[in-house]
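Visitor: Sharing a model that was predicted from the sequence below.
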Amino acid sequence: MRILYIDCDSLRPDHLGCYGYHRDTSPSIDEIAADGRRFTNVYTSDAPCLPSRTAFYTGRFGIHTGVVNHGGRNADPRRYGATRGERYPRRFRTLATILDEQGFDTAMISPFPARHDAWQVVEGFGELHDTGGGGTETADEVYSYARDWLVEHAAEDDWYLHVNFWDPHTEYTTPLEYGTPFEDDPAPEWVTDDLIDRHYQETGAQSAQDLCGWGGKRDAPRMPPDISSRDDFVTMIDGYDAGIHYMDAHIGKLFDRLREAGVFEETLIIVSADHGENLGEFNVYGDHQTADDKTCNVPLIVRGPTVEPGVDEALRYQLDLPPTLVDLAGGDAPEGWDGRSFAETVTDGTESGRDHLVLSHAAWTCQRAVRWNDWLLLKTYHDAFKSNLEEVMLFDLADDPHEATDLADERPEIVREGLSTLQRWVDERLLEAARGERGGNPDAENGVTDPMWEVLRENGPYYTWDALEEYVEHLRHTGRSEHAAELLERHG
C-alpha cells in the first residue's frame, strides 16, 4: 500500500473549488475530489500548528498530551512517567511508528519539526527532509524534494510520504512572476467597507489596523500594510488564493510523478491541512487565532483504490484519520488513541461520525468551542487583547457561516446545552487521564490537569507574552484610548 499525505498549511476548505468556492483555485485537488471522498465537517481538535500536528500524529487530544500552546510547558508533550520503558508504551506511539511496525517506509518532507521543535511529530519516521525555509518556502521548493523522493521510491511497495506545503500561510509569498490569477474574479462579498470601518477601530493582533503583530504594518507584496478599505481586503484575498493556486499546480505535478511511475491509481492520496485561516472573521485577517469554525475546520479529501467516492458531512476530528489509515493498511491502532476509525466510511460510505466536537486554542486566545448540529458555541478564557470577544458567544453556522451575529442572548437554552456539553467533555477527558484510559496518562507530571489552566496560570497564550504594555501604548497613540483602558481593566 502506498499513502501520500499532502499537508497544506492554513488551508480553509471554502477556498477550494471542490468545496464550492467560486474561484478556480484548486483544479488538481478538485480532480481527486471528483473521484474520491470529500469530508465537509472535519476539525482539528487543537489549533493552531503545533497542537494540531501533535494531535494528528499522536492520535490524542491536547488535553491528554498537554500540547495546546506554542511556548511554555504546554508546547511540549507531558513525559510518560513510570510506564516509560526502553520505548514508549504502544498506546502513546505515533502514526508513523505504527505504520513502521506494519512494514511501511515512512518519510516526511517539511520544515515544521525544526520550526517548532516538534520532535514528537517526527517520532517513527525513517526519513525527515527539512526543506530549510522554516515555513517560508514556496511550493516549487517543496516540490523539488517530493519529486526526487517519488522518482526514487514511488514504484516501491508500502510507503507513507508526508509532504508539507506552506503557500496559503501568511505572508502569501507566491513568486510575483506568477501574477495575480484572480484579479478579474470578485472577492468574497461579505466583508464590506462598513465592516472594515468597524474592525479598524477594534483591537487585536492581525486585526484590520494592526495587521502585523501588536501594531506593526505588513511589508509584503501580496499583503497590504493594513485593511483600511475593501480594496485592501481584495489584495489580501488575491494573495491567499494565488498561494492556493500555486500550491495546487505543484500538487498536480506530484500526481504526474505518480502517473509516470505507474502507481497513481494504486496510491491512497489524502489532502488536508493543519488548520484553516480567518480572513476577516472576528477581525482576524490572514491568521488562525481562535477556536472557531474558520480556524479549526480543515479540508479532507481521500482518493484511492478502495475509496468509495462521495461526500461525507458527519462531524469528525482530524485525529480520527490516523486510526482510519492504520485500519486501511491492515493494522491495529493503539487502544490509547483518542481518535476513532472511520475506515468503513472511506471504503463503502457507511454512516458514522460524532454527535459533537470540542475544539481548543491556547496559543493566541485561550478558547474552547463546541460544534454540534449547526451550532458553534465559543467560550473565551483569554481574549488575546481583542475587543470583540465576549466570554460566551453562539453562532448558527448554517445561516451565518462567517460568525458575524452572536445569538447567545437570544438563545439561552442553546447556550446552556453547549456549556453543559463542554463541561461534560472536559470532565470525561480528565477522568480518562486519572484512570489511564484512552489518551490519558496518570503517571505523567500534571497528567490529570487541564492544560488550558496551566497556560492561564503560567504566562497566558504564547503570542500575548509581554505584549500588553506596548500594545496599550500603541492603542493610545492611534486614537483608541478607550480600548486601552478596557484592556488594562481586564488584563492589567
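Guide: That came through fine.

Visitor: show me where pLDDT drops low in the stretch 1-150 of the chain?
Guide: Within the stretch 1-150 of the chain, no stretch has pLDDT under 70.

Visitor: any idea how far residue 363 is from residue 433?
Guide: Applying C-beta to C-beta, to the nearest Å, the value for residue 433 to residue 363 is 22 Å. Yep, even glycine has a C-beta here, placed from its N, CA and C like the rest.

Visitor: correction: residue 467
Guide: 13 Å.

Visitor: And residue 30, by the same measure?
Guide: 32 Å.

Visitor: Which one's more surrounded, these two?
Guide: Set side by side, residue 30 and residue 363 show more neighbours around residue 363, with 26 against 18, by other C-beta atoms under 10 Å.

Visitor: Does the nearest residue to that one once chain neighbours are set aside belong to a helix, a strand or coil?
Guide: Nearest-residue entry for residue 363: residue 70, 4.2 Å, with adjacent residues in sequence omitted and distances by C-beta to C-beta, 6 or more residues apart in numbering. Per DSSP: H, G, I helix; E, B strand; the rest coil, the secondary structure class of residue 70 is coil.

Visitor: ok, residue 70 - contacts?
Guide: 48, 49, 50, 116, 363, 462, 463 (C-beta atoms under 8 Å, 6 or more residues apart in numbering).

Visitor: Reformat those residues as CSV; add distance to residue 374.
Guide: As requested, the contacts of residue 70 are exported to CSV (distance: C-beta to C-beta, whole Å):
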residue, distance to residue 374
48, 24
49, 28
50, 30
116, 34
363, 27
462, 32
463, 31
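
Visitor: Quick check: the two most widely separated of the residues you listed?
Guide: The span of the contacts of residue 70, defined through C-beta to C-beta, is set by 116 and 463 at 13.1 Å.

Visitor: can you point me to the longest helix in this structure?
Guide: The residue-count maximum for a helix in the chain (DSSP state H) belongs to helix 230-260.

Visitor: how about that one: buried residues?
Guide: 230, 232-255, 257-258 (16 or more other C-beta atoms under 10 Å).

Visitor: And the helices in the stretch 51-200 of the chain?
Guide: Secondary structure of the stretch 51-200 of the chain (DSSP state H, counting those that start in this stretch): helices at 62-65, 95-101, 112-116, 119-122, 139-153, 193-200.

Visitor: Dump the ones you listed into JSON lines; add mean neighbour count and distance to residue 181 as well.
Guide: Below are those laid out as JSON lines (neighbours: other C-beta atoms under 10 Å; distance: least, C-beta to C-beta, whole Å):
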{"stretch": "helix 62-65", "mean neighbour count": "28", "distance to residue 181": "37"}
{"stretch": "helix 95-101", "mean neighbour count": "22", "distance to residue 181": "35"}
{"stretch": "helix 112-116", "mean neighbour count": "19", "distance to residue 181": "27"}
{"stretch": "helix 119-122", "mean neighbour count": "18", "distance to residue 181": "32"}
{"stretch": "helix 139-153", "mean neighbour count": "18", "distance to residue 181": "14"}
{"stretch": "helix 193-200", "mean neighbour count": "16", "distance to residue 181": "24"}
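
Visitor: quick one: which of those is nearest residue 43?
Guide: Evaluated with C-beta to C-beta, the helices of the stretch 51-200 of the chain place helix 62-65 nearest to residue 43, the distance being 12.9 Å.

Visitor: State the next helix or strand along the chain beyond the helix or strand containing residue 322.
Guide: Using DSSP states H and E, residue 322 sits in helix 321-328. Later in the chain than helix 321-328, the nearest helix or strand by DSSP H and E is helix 343-348.

Visitor: Show the secondary-structure elements that that following helix is packed against.
Guide: helix 321-328 (3 or more C-beta pairs under 8 Å, 6 or more residues apart in numbering; DSSP states H and E).

Visitor: one more time with 10 Å, if that's ok
Guide: Judged by 3 or more C-beta pairs under 10 Å, 6 or more residues apart in numbering; DSSP states H and E, the packing partners of helix 343-348 are strand 37-43, strand 297-303, strand 310-312, helix 321-328.

Visitor: what comes up buried for the helix or strand hosting residue 471?
Guide: Using DSSP H and E, the element containing residue 471 is helix 468-477. Residues of helix 468-477 classed as buried by neighbour count (16+ other C-beta under 10 Å): 468, 471, 472, 474, 475.
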